[in-house]
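A.B. asks: When you get a sec, could you give me coordinates for this:
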Amino acid sequence: MLAAMLKILVRWVLLAAALLFVAYLLPGVTVHSFGSAMLAALILGLLNALLRPVLVILTLPVTLVTLGLFLFVINALMFYFAAQLLSGLAVAGFMWALLGSLVYSVCGVVIDAALEGLFK
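C.D. replies: Below you'll find the model as predicted:
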């Protein structure tokens, strides 16, 4: 149980660092501090856990017609919505949210793969 809690905490810190990396890489995404990145990573995690499944179900016909590509739009909407909720995260527009969510998702996959190897 302690290992699971440690894994969640390490993942949270690494995802906050990934947000700082996204802000460094993309000029349309701004994160004001590491504390803002921690809060933004938490909010993104909550939005993806609570709101994203509802949106996926509601937009299932569109997702099927676009062969799953609409899921990128849903990810971008989650990223953009998190930026609207927080003052420490700013996104210049929907295209920056789309690019930011793509880079953030890739970072998340890499982080999950690395943590899976560490916390067996």
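A.B. asks: and Val106, how far is that from Asp112?
C.D. replies: Per C-beta to C-beta, to the nearest Å, Val106 is found 11 Å from Asp112. Using the backbone N, CA and C atoms, a C-beta is placed for each residue, glycine as well.
A.B. asks: Also Pro61?
C.D. replies: Distance, Pro61 to Asp112, by C-beta to C-beta: 29 Å.
A.B. asks: Report the distance from the helix or strand hosting Leu77 to the chain centre.
C.D. replies: Here Leu77 sits within helix 70-85, counting by DSSP states H and E. The chain centroid and the centroid of helix 70-85 are separated by 8 Å under C-alpha atoms, centre = their mean, to the nearest Å.
A.B. asks: And the contacts of that helix?
C.D. replies: 29, 40, 43-44, 47-48, 51-52, 55-56, 59, 62-63, 89-91, 94, 97-98, 100-102, 104-105 (C-beta atoms under 8 Å, 6 or more residues apart in numbering).
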